[in-house]
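Asks: Have a look; sequence and predicted model below, questions after that.
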Amino acid sequence: MSKFYHDGSRELQDRFDTRRLADRIEQRLIGTRIGDEDKAFIESLDMFFLATSDADNQPSCSYKGGEPGFVRVVDPGTIAFPTYDGNGMFLSMGNLAQNRRVGMLFIDFLRPKRLRISGEATIHLDDPLLPAYPEAQFVVRVAVTQVFPNCPRYVHKYALVERSSFVPLAGCATPVPNWKRSDWAKDVLPENDPARK
């Protein structure tokens, strides 16, 4: 009996005669640890997508970007990444306070490849990795429960034009986004926000 698939998956697998294939994929490709090849892949990327949901199961999916290597594989069962200043809504991170289960999708658009990770996330305000991430508010650690590759055949090829100038870097002043200087936002920014200066 598979713990990976539920009745909804099984119903569609049976309808399209893919149950045997799905079972083989589960047997051969689904793991619970991050191997060396997956570690190198994850740490080479400058972005990923994070799926969370709140206590009412309302889903949210967000893009997380940084410099290559901003997501670190701490050990075969743990991933860490920083949270930088955003719009202050804390939708994804707030969801973690109510439902720690997350999904992470890593995609290389230049050499089509993708990897999925599921796990349980926790927020660390004083994580030992925090000093390695200039201007990070905190570090999120994910205890990995599932690791598996996805078929890359539908990944469109894109080339990087430029990385965001808003990603904090050591020794560089991070620019202030224009929206923070807007009339609707500037009077409600946090007291220590650089846009207030």
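Replies: Happy to help now that I have it.

Asks: And the strands in this structure?
Replies: For the chain, applying DSSP state E gives strands covering 47-53, 59-65, 72-75, 78-83, 101-108, 113-124, 138-150.

Asks: Now the shortest one - C-alpha only, PDB.
Replies: Listed next in PDB are the C-alpha coordinates belonging to strand 72-75 (Å, rounded to 0.1, in the frame of the first residue of the first chain):
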ATOM      1  CA  ARG A  72      21.800  25.500   1.400                       C
ATOM      2  CA  VAL A  73      21.600  21.700   2.000                       C
ATOM      3  CA  VAL A  74      22.700  21.600   5.600                       C
ATOM      4  CA  ASP A  75      22.700  17.900   5.700                       C
END
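
Asks: Tell me the buried residues in that strand?
Replies: For strand 72-75, burial by neighbour count (16 or more other CB atoms under 10 Å) applies to R72, V73, V74. Placement of C-beta: from N, CA and C, glycine included.

Asks: of all those residues, which comes closest to R153?
Replies: Relative to R153, the closest of the buried residues of strand 72-75 is V73; by CB to CB it sits at 25.8 Å.

Asks: wait, doesn't that closest one sit right on I42?
Replies: Yes. With contacts defined as CB atoms under 8 Å, V73 counts as touching I42 at a distance of 5.8 Å.

Asks: Give me the common contacts of those two.
Replies: Common contacts of V73 and I42, defined by CB atoms under 8 Å, 6 or more residues apart in numbering, comprise I34, I79.

Asks: Make TSV out of the buried residues of strand 72-75 and add distance to G35 and pLDDT.
Replies: As requested, the buried residues of strand 72-75 are exported to TSV (distance: CB to CB, whole Å; pLDDT from 0 to 100):
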residue	distance to G35	pLDDT
R72	15	98
V73	10	98
V74	14	98
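
Asks: Between those, which sits nearest I34?
Replies: Of the buried residues of strand 72-75, the one sitting nearest to I34 (CB to CB) turns out to be V73, at 5.3 Å.

Asks: quick one: least confident helix or strand in the chain?
Replies: Every helix and strand in the chain was compared by mean pLDDT, DSSP states H and E; the lowest is helix 183-186, with a mean of 86.
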